[in-house]
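Asker: only geometry, no sequence info:
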């Protein structure tokens, strides 16, 4: 960020846009969220009405910091957000179909620069601006949620590639065998099928089916097992739970070992529910990484967990684009 | 390159440093090599003597273009060349052990800026400056030789990563099964074990061992089969030869499909002996790529063969760094 301008325009707006709700935050340069404003995303079938409603809802929060003239810019983290075009492109879980020029709409409505990207890239920006990747120029953000997302930073900049859609490491194929898991993308063996929330539940079913070892997890509906259930069981010494994290973490660590060959990162930053399992997941990630990484990169990259507050991280990540 | 300076300093020096010989070229901005000078690399156990001998040998060629003051800079493609430090670091096939400050030595001896990188990154610079990647900002160079090397370009710049050693895609693991091939790096299943010169020979042995189909290749010493032998056989309709290219190309194409998830490139540029097999290798590469790439990237990246003359490409690639 350009510090010359910060005193006059000390804030940015971050928008974390989900299919259900949109959370707006007014954020200062230290990553303190001054206020949050929430509106429904799905209540507005017309995106123009949505933007109008958002600006109206934001007004009290803007007044409280001295008005829009104190705001440097706005950043949006949105599904299928394209940094280059400023558009949301064919997002499956939004009401607005096709191409939505969201950056332009907000930029016109608020009179400030506005950038958009997807949530994993926004998370990478957030870590670089306010989080554990501050000062880093080369790192890889891995977001572990419903899917597995990634944001890749080379030479201090998020990699957007030729079309704005770079950095989909959740869809790197880690299993080329016929037994590989089917993925929502239509292919088989994607990293996401092992390390996402549903991937963990699939691994849970697999591990339980293959053994007869007793486990607390057997009392739960198999398709609803979450990484938190597995964590609670592991904490109580449940062997099946430990095995689930062992497999999940090792696959993720081995995949990251391959990713290191791209940009030789200073760090991998992991974010999302799965990271709450602490050492149960991080130890096998480290093992998978160290056992599979090329000697050239061994011992170089830190494997870090995001320190941003989960519920605020998405807004902070989006807001980081507002400083650009 | 900065065109303001080109008229006054219209040339660069490119050095392709191998374990045996060093080839210097004086190159103009169109990629025309005005002259080439060759000295022995291994004749100089002391790198200072090497640099001295090089400068002396270059003098006539420099005089012919109007002297060193007509030269903008020098670029070196060398094994284990590190762009950040300007050093050659622990190169296995050079006499000079440990850390060699090669860029500094040439820069002082010639009085011009000097950069160094490894040969695959130099090849990427060469394609971007004079070759098929001119005007591209995001592409991936794949060099197919004794090993498999790569140079990754994001946003118009070669990715060097945190330590200068980014872009070792030949060591991405493409086979995680117990049957995976052992690699010189000490691990198993690296792309290089399938798509390098020795990888092709290994595949030849494997294909021949598994079938009894007649083949001209059976008359050759199995460990000496080159991609050129396989090409000649394929041209004559040899089914075994076709199968070798089919397997090699498909694995390479499928690997590139994963690489696309990193920087969504405009193109992959293939360089090296294997590409001389033309459609026999490029068709399966394309098939492997299209059948495995994520829908988001489908039909976007061009799969290109370097158009730089093989024997000149390394010098041109190195020289491209001289414009920086």
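Answerer: Yep, it's here. Since the structure is predicted, the reported quantities are computational estimates derived from the model, not experimental observations.
Asker: What about residue A:128, how many residues nearby?
Answerer: The tally of other residues near residue A:128 (other CB atoms under 10 Å in any protein chain shown) stands at 24. Any C-beta I mention is one placed from the backbone N, CA and C, and that applies to glycine too.
Asker: any idea which helix or strand carries residue A:115?
Answerer: Residue A:115 is located in strand A:114-117, with elements delineated by DSSP states H and E.
Asker: what comes into contact with that strand?
Answerer: Under the criterion CB atoms under 8 Å, 6 or more residues apart in numbering or on different chains, residues A:73-78, A:81-83, A:86-88, A:102-104, A:106-107, A:125, A:158, A:160, A:164, A:321-322, A:324 lie in contact with strand A:114-117.
Asker: switch the cut-off to 7 Å
Answerer: Contact partners of strand A:114-117, identified using CB atoms under 7 Å, 6 or more residues apart in numbering or on different chains, comprise A:73-78, A:81-83, A:86, A:88, A:102-103, A:106-107, A:321, A:324.
Asker: Following the chain onward from that strand, which element is next?
Answerer: Towards the C-terminus, the helix or strand next in line after strand A:114-117, according to DSSP H and E, is helix A:119-130.
Asker: can you pull the contacts of residue A:147?
Answerer: With contacts defined as CB under 7 Å, 6+ apart, the neighbours of residue A:147 are A:170, A:192, A:196.
Asker: Can you tell me how far the last one is from residue A:190?
Answerer: Spelled out, it's residue A:196. Residue A:196 is 9 Å from residue A:190, where distance means CB to CB, to the nearest Å.
Asker: which bits of the stretch 101-250 of chain A sit near chain B?
Answerer: Taking CB under 7 Å from any CB of the partner chain as the test, the list of the stretch 101-250 of chain A residues beside chain B reads A:138, A:152, A:154-155, A:157, A:159, A:161-163, A:165-166, A:168-169, A:171-173, A:177, A:185-186.
Asker: Just give the nearest non-adjacent residue to the residue minimising distance to the centre of chain A, would you?
Answerer: Per CA atoms, centre = their mean, the C-alpha nearest to the average position across chain A is that of residue A:120, at 3.5 Å. Residue nearest to residue A:120 in three dimensions, not counting chain neighbours: residue A:149, with 3.1 Å by CB to CB, 6 or more residues apart in numbering or on different chains.
Asker: wait, doesn't that neighbour sit right on residue A:119?
Answerer: Yes: here residue A:149 reaches residue A:119: they are 6.4 Å apart, a contact under CB atoms under 7 Å.
Asker: what sits in contact with each of the two?
Answerer: residue A:143.
Asker: re earlier: check the secondary structure at the residue nearest to residue A:120 for me.
Answerer: strand (DSSP: H, G, I helix; E, B strand; the rest coil).
Asker: From residue B:63, how far out is it?
Answerer: As for residue A:149, its distance to residue B:63 is 58 Å (criterion: CB to CB).
Asker: quick one: which of those two has more around it?
Answerer: Set side by side, residue A:149 and residue B:63 give different neighbour counts by other CB under 10 Å, the larger being at residue A:149 (26 against 10).
Asker: buried stuff in stretch A:221-236?
Answerer: Judged by neighbour count using 16 or more other CB atoms under 10 Å in any protein chain shown, the buried positions of stretch A:221-236 are A:225-227, A:229-231, A:233-234.
Asker: cool, and stretch A:282-290?
Answerer: Of the residues in stretch A:282-290, those with enough neighbours to count as buried (16+ other CB under 10 Å) are A:282-286, A:288-289.
Asker: Sitting in helices, which of these do you find?
Answerer: In helices, judged by DSSP state H, the following of the buried residues of stretch A:282-290 are found: A:282-286, A:288-289.
Asker: just curious, which of those residues is nearest to chain B?
Answerer: residue A:288 (10.9 Å; CB to the nearest CB).
Asker: Now do the same contact list for that closest one.
Answerer: Taking CB under 7 Å, 6+ apart, one finds A:249-254 in contact with residue A:288.
Asker: residues touching whatever residue of the stretch 1-150 of chain A ends up closest to chain B, list them.
Answerer: Nearest to chain B, among the residues of the stretch 1-150 of chain A, is residue A:138, at 4.4 Å (CB to the nearest CB). Contacts for residue A:138 were tallied using CB under 7 Å, 6+ apart; they are A:153-155, A:263-266, B:161-162.
Asker: Select from these every entry located in helices.
Answerer: Among those, DSSP H puts residue A:263 in helices.
Asker: now the contacts of residue A:138 as a markdown table including distance to residue B:95?
Answerer: Conversion of those to a markdown table gives the following (distance: CB to CB, whole Å):
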| residue | distance to residue B:95 |
| --- | --- |
| A:153 | 38 |
| A:154 | 34 |
| A:155 | 33 |
| A:263 | 31 |
| A:264 | 27 |
| A:265 | 33 |
| A:266 | 33 |
| B:161 | 28 |
| B:162 | 29 |
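Asker: Isn't residue A:253 up against residue A:281?
Answerer: No: judged on CB under 7 Å, residue A:253 makes no contact with residue A:281 at a distance of 9.7 Å.
Asker: More neighbours: which of the two?
Answerer: residue A:281 (28 against 24).
Asker: Out of the contacts of residue A:288, which is nearest to chain B?
Answerer: Taking the contacts of residue A:288 together and measuring to chain B by CB to the nearest CB, the closest member is residue A:254, at 7.3 Å.
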